[in-house]
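Q: got a predicted structure plus its sequence, pasted below:
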Amino acid sequence: VRRHSHRRRNVFIAEYAGPIAVFPLALKAAGAPLDQTATYLWTLHFGKRLLETLFVHSFSKSTMPLSNLFKNCGYYWGAAGLVAWDVGRVTRPADPVFVALWAVAEGLNYYTHAHLASLRADGSREARVPTAWPFRYVCSPNYSFEILSWVFFTCATKSPAAAAFAALGALQMSLWSRGKLKRYTRKFAGDEAFTATHALVPGVF
């Protein structure tokens with residue numbers, strides 16, 4: 001049976017470009033103002049993801065099943081519509097403290113992505129031990145900071161829909177990170193550079 005596949009980078013571009021367009025459209029459909037903190041944070045987050053896909057990330061596999069295009073786009077685009085609707089239906093003043101914490105988490109997430117990309121600067125697709133400081137404590141700090149950014153987004157916007165989106169994302173990333181920790185523990189056994197003993201939260205998980 002032949003499985004249809006699609007270029008991995010193109011799937012991610014569709015995943016991340018869609019929410020940037022859907023969010024303001026959903027707000028407009030709900031009759032809510034576009035000029036609000038949630039719009040800016042949402043757009044900046046997915047704009048960052050889109051730029052990273054284009055200019056930072058390198059992928060160990062160049063393709064993925066075509067079904068992932070519809071599944072992933074449905075998830076992210078649907079989330080954009082739901083969160084925008086929830087944000088738009090009730091006016092909730094954004095908390096500037098959580099907006100600032102969101103920005104810090106986003107910056108640290110980019111830092112980990114840039115470090116991972118540097119490990120493949122020579123074009124290699126072979127997994128190497130990440131050595132930047134967050135990776136000394138957990139195997140997937142990029143996921144840790146991603147989850148934190150959505151927690152802070154939720155706290156800043158006070159949106160139950162954003163909380164649900166953050167919880168689903170955290171669940172999925174916890175599964176990915178646990179699997180990655182197991183693979184890395186086997187692959188880099190005996191390598192002194194690999195010191196992470198937990199997946200996402202130092203000393204906890």
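A: Thanks, I have the structure now.

Q: all contacts plus neighbour counts: C-alpha atoms, from now on.
A: Will do.

Q: centroid-nearest residue for this protein?
A: E146 (5.0 Å; Cα atoms, centre = their mean).

Q: now that it has come up, it's in contact with A103, right?
A: No: between E146 and A103 there is no contact under Cα atoms under 8 Å: 11.0 Å.

Q: now the helices for the chain?
A: Secondary structure of the chain, counting by DSSP state H: helices at 8-29, 37-55, 66-89, 96-118, 141-157, 160-187.

Q: by contact count, what packs against the last one?
A: Where contact means 3 or more Cα pairs under 8 Å, 6 or more residues apart in numbering; DSSP states H and E, helix 160-187 is packed against helix 66-89, helix 141-157.

Q: can you tell me which of those is packed in deepest?
A: Mean neighbour count (mean count of other Cα atoms under 10 Å) peaks for helix 141-157 among these, with a mean of 23.

Q: tilt between that helix and helix 37-55?
A: Helix 141-157 and helix 37-55 meet at an angle of 160 degrees, taking axes from the mean of the first three to the mean of the last three Cα atoms, to 10 degrees as the criterion.

Q: which secondary element of this protein has the worst mean pLDDT?
A: strand 5-7 (a mean of 66; mean pLDDT, DSSP states H and E).

Q: distance-wise, check the closest residue to N72 other than its chain neighbours relative to L50.
A: With Cα to Cα, 6 or more residues apart in numbering as the criterion, N72 has its nearest non-adjacent residue at 6.3 Å, and that residue is E15. Distance, E15 to L50, using Cα to Cα, to the nearest Å: 9 Å.

Q: out of these two, which sits in the more crowded spot?
A: E15 (24 against 20; other Cα atoms under 10 Å).

Q: any stretches of the protein with poor pLDDT?
A: Within the chain, the stretches with pLDDT under 70 are 1-6, 60-62.

Q: what about stretch 120-134, start to end distance?
A: Stretch 120-134: ends 18 Å apart by Cα to Cα.

Q: just the buried positions in that stretch, please.
A: By neighbour count on 16 or more other Cα atoms under 10 Å, the buried set for stretch 120-134 is R120, V129, P130, P134.

Q: need those residues in JSON lines (columns: distance to R178).
A: Formatted as JSON lines, the buried residues of stretch 120-134 follow (distance: Cα to Cα, whole Å):
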{"residue": "R120", "distance to R178": "22"}
{"residue": "V129", "distance to R178": "16"}
{"residue": "P130", "distance to R178": "16"}
{"residue": "P134", "distance to R178": "16"}
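
Q: biggest separation within those, which pair?
A: R120 and P134 (18.3 Å; Cα to Cα).

Q: and A94, how many neighbours?
A: 17.

Q: over to P160?
A: P160, neighbours per other Cα under 10 Å, totals 14.

Q: pretty sure it is touching V151, no?
A: No: using Cα under 8 Å, P160 is not in contact with V151; the gap is 11.1 Å.

Q: make TSV from the helices of the chain and add distance to P202 to it.
A: Shown next, in TSV, are the helices of the chain (distance: least, Cα to Cα, whole Å):
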stretch	distance to P202
helix 8-29	29
helix 37-55	25
helix 66-89	29
helix 96-118	16
helix 141-157	10
helix 160-187	13
